[in-house]
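> heads up, no residue letters with this:
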């Protein structure tokens, strides 16, 4: 599981305590986007496999056949080469399709963060202000660590 997936799973767990319709719509959109991204990733893997198999087929023909491109099995070589080229073109297209799905999931993750913050704020109140780095540096004496007051 990647860091993006772990982050999104944690945020989904956080917003699961909310009962509003906005949370349900966000959950549905996340589920749909994840399903579509997984589908595209599987197709990318499949196109990569077809590309590797066609490359292996062409390498086999080149290494083991006499008079390689013009031998008895020219039709088979043309079919393998066509399959490889089609796989390569499809692979590039599906990788290009993966980018918008990733952007959509990133946007949904940001909406999840916003909804989580709203939920925490509604249940726990406004967060206390944290000291800025300048204030912390002023309180810190040279050579001494910052201590909590």
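Received, thanks. Only a predicted model underlies this, so the values are computations on that prediction, with no experimental measurement involved. Residues are numbered from 1 along each chain as shown.
> Could you name the helices and strands sitting against the lengthiest helix in the chain?
Scanning the chain for the helix with the most residues, using DSSP state H, yields helix 74-124. Judged by 3 or more C-beta pairs under 8 Å, 6 or more residues apart in numbering; DSSP states H and E, helix 74-124 is in contact with helix 3-15, helix 21-64. In this view, the C-beta of every residue, glycine as well, is placed from N, C-alpha and C.
> mean confidence score for it?
Across helix 74-124, pLDDT averages out at 89.
> Can I get the helices and strands packed on helix 74-124 in TSV including distance to residue 91?
Converted to TSV, these look like this (distance: least, C-beta to C-beta, whole Å):
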stretch	distance to residue 91
helix 3-15	22
helix 21-64	4
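> Please tabulate the ones you listed in CSV, including the columns mean neighbour count and mean pLDDT.
CSV is the format used below for the helices and strands packed on helix 74-124 (neighbours: other C-beta atoms under 10 Å; pLDDT from 0 to 100):
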stretch, mean neighbour count, mean pLDDT
helix 3-15, 14, 81
helix 21-64, 14, 90
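> Of those helices, give the one that comes closest to residue 87.
Residue 87 lies closest to helix 21-64 among these, at 4.0 Å (C-beta to C-beta).
> So which elements touch the closest one?
Partner elements for helix 21-64 (3+ C-beta pairs under 8 Å, 6+ apart): helix 3-15, helix 74-124.
> Tell me which of those lies nearest to residue 37.
helix 74-124 (4.3 Å).
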